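Student: Just to be clear, the model below is a prediction. Sequence and coordinates:
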Amino acid sequence: MDEKFLAGVDIGGTWVRAAICTADLNEKNIKKTIIKTPKENKFSISNSICQILSEIFSENNINVDQILGIGIATAGPLNMEKGEVFNSINLGFKVIPLMEPIKKKFPEIQLYILNDGNAGVLGIHYFEAETDEKDNLVFITMSTGLGGGVICNGRLLLGKEGNAAEVGHVLVDPKSKKKCNCGASGCWEAYSSGTGVENRTLDALNEGKLNSSLLKQIVKNNLSKITAKEVFEAAKKGDELSSKIVEDCIFYTKVGIGVVNNCYDCVSIYFGGAMMKDKDQIIPLLIEQFEKDPIRFTVNHPPRIKSTKFENEIGLMGALALVKYKVEKNKIIS
Ligand SMILES: [Zn+2]
């Protein structure tokens with residue numbers, strides 16, 4: 001009998017990643033590819049997914065009848081049933097059809113879809129979580145946006161359309177004027193996501209109250225080059241403005257963790273996403289707070305705080321785990 005494979009795709013605001021793996025989902029057998037997220041029209045993403053999957057199948061001499069399923073993890077919000085992303089500022093367009101065009105291209109393959117936060121927590125569950133963490137586990141992605149996924153009592157929480165853990169849009173400061181990607185103000189994402197850090201930095205530069213000479217030096221006075229990465233770098237070197245932005249990013253993440261732990265009473269929270277490149281400036285401060293004085297932020301016993309070793313590839317790992325769990329009819333997602 002021909003060997004079977006699992007396929008996975010992760011759609012982010014900046015990158016689309018795809019992978020295949022043997023059906024045993026052994027980390028050593030995963031083959032990956034990556035492209036920039038195309039945003040020309042609402043079908044660009046699904047068209048390019050069809051193309052990269054076709055390429056990865058043919059490069060590895062795999063026929064479609066050897067694929068047990070394609071798992072899709074996408075930046076949300078997502079309508080799981082229709083397989084469409086809606087109102088996504090990070091991906092553009094009012095509605096982005098994903099499932100239908102891919103189904104048309106690969107009619108013989110089963111498709112499964114989750115938002116990237118939910119996929120991420122499945123990835124942690126399969127590849128990383130310790131036994132005592134698995135049944136009550138949270139994943140938070142800090143990237144272009146900020147999202148999450150929750151496993152509670154051994155079940156992945158989905159909600160009516162698949163967006164049960166959109167924790168990035170909990171209000172961490174109701175009086176705030178800081179605009180979020182969703183259109184509201186004062187969301188956790190507006191403070192602690194990559195775009196949140198970037199936008200707040202540009203606002204603070206406009207205000208001109210704090211010294212930003214080190215940050216300006218890093219971007220050679222070209223302010224359009226400022227992203228979260230440069231802000232964290234400048235903060236490390238002692239830049240006054242950047243240090244304040246990073247301090248707020250961490251403070252509001254503590255508030256967010258408190259909300260998450262009060263709602264879900266989790267054993268562990270794993271952080272992932274592109275901003276974990278600067279995890280050394282984020283995670284130890286969160287651990288210290290929740291070890292020393294958690295009652296400031298949560299009434300429940302505090303969670304363990306960790307970062308995923310897969311950083312910004314955890315959504316892709318979760319897309320593969322989704323197929324594995326669906327094929328096995330695992331109760332976590334049945
Ligand atoms: Zn928001």
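Tutor: All right, it came through fine.

Student: Which residue ranges of the chain form strands?
Tutor: Ranges of strands in the chain, per DSSP state E, are 5-11, 15-22, 31-36, 67-74, 78-79, 84-86, 95-97, 111-115, 137-142, 146-152, 155-156, 268-272, 304-307.

Student: wait, which of those strands is closest to Phe43?
Tutor: Phe43 sits nearest to strand 95-97 of all the strands of the chain, at 7.0 Å, using CB to CB. For the C-beta atoms, the positions are set from N, CA and C on the backbone; glycine is no exception.

Student: residues touching the residue nearest the centre of the chain, list them.
Tutor: Against the mean C-alpha coordinate of the chain, by CA atoms, centre = their mean, the closest residue is Thr141 at 3.7 Å. The contact partners of Thr141, by CB atoms under 8 Å, 6 or more residues apart in numbering, come to Asp116, Gly117, Gly120, Gly147, Gly148, Phe271, Gly272, Gly273, Ile314, Gly315.

Student: any idea how far the second one lies from Ser192?
Tutor: Right, Gly117. 14 Å (CB to CB, to the nearest Å).

Student: With neighbour numbers in mind, choose between these two.
Tutor: Higher neighbour count among Gly117 and Ser192: Gly117, with 32 against 28, using other CB atoms under 10 Å.

Student: Quickly list what the closest residue to Glu313 other than its chain neighbours is bridged to.
Tutor: Closest residue to Glu313 apart from its sequence neighbours, by CB to CB, 6 or more residues apart in numbering: Arg17 at 6.7 Å. Arg17 has the following beta-bridge partners by DSSP bridges: Asp10, Ile34.

Student: In this structure Arg17 contacts Ile30, no?
Tutor: No. Arg17 is beyond contact range of Ile30, at 10.9 Å (criterion: CB atoms under 8 Å).

Student: Grab the CA positions of stretch 114-131 and hand them over as PDB.
Tutor: Provided in PDB are the C-alpha atoms of stretch 114-131 (Å, rounded to 0.1, in the frame of the first residue of the first chain):
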ATOM      1  CA  LEU A 114      -9.400  26.400  12.300                       C
ATOM      2  CA  ASN A 115      -8.300  29.900  13.100                       C
ATOM      3  CA  ASP A 116      -4.600  30.100  13.800                       C
ATOM      4  CA  GLY A 117      -5.000  30.500  17.600                       C
ATOM      5  CA  ASN A 118      -7.000  27.300  17.800                       C
ATOM      6  CA  ALA A 119      -4.700  25.500  15.500                       C
ATOM      7  CA  GLY A 120      -1.700  26.800  17.600                       C
ATOM      8  CA  VAL A 121      -3.100  25.200  20.800                       C
ATOM      9  CA  LEU A 122      -3.600  21.900  19.000                       C
ATOM     10  CA  GLY A 123       0.100  22.100  17.800                       C
ATOM     11  CA  ILE A 124       1.300  22.700  21.400                       C
ATOM     12  CA  HIS A 125      -0.900  19.900  22.600                       C
ATOM     13  CA  TYR A 126       0.500  17.400  20.100                       C
ATOM     14  CA  PHE A 127       4.100  18.400  19.900                       C
ATOM     15  CA  GLU A 128       5.100  20.100  23.200                       C
ATOM     16  CA  ALA A 129       2.700  20.000  26.200                       C
ATOM     17  CA  GLU A 130       3.600  18.000  29.200                       C
ATOM     18  CA  THR A 131       1.000  15.400  30.300                       C
END
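
Student: Show the average pLDDT along it.
Tutor: What stretch 114-131 shows for mean pLDDT is 97.

Student: buried ones in that stretch?
Tutor: 114-129 (16 or more other CB atoms under 10 Å).

Student: what sits against the nearest residue to Leu6 once chain neighbours are set aside?
Tutor: Setting aside the residues directly before and after it, Leu6 is nearest to Val323 in space (CB to CB, 6+ apart), at 4.3 Å. Counting by CB under 8 Å, 6+ apart, Val323 touches Leu6, Ala7, Gly8, Leu68, Gly69, Ile70, Gly71, Tyr112.
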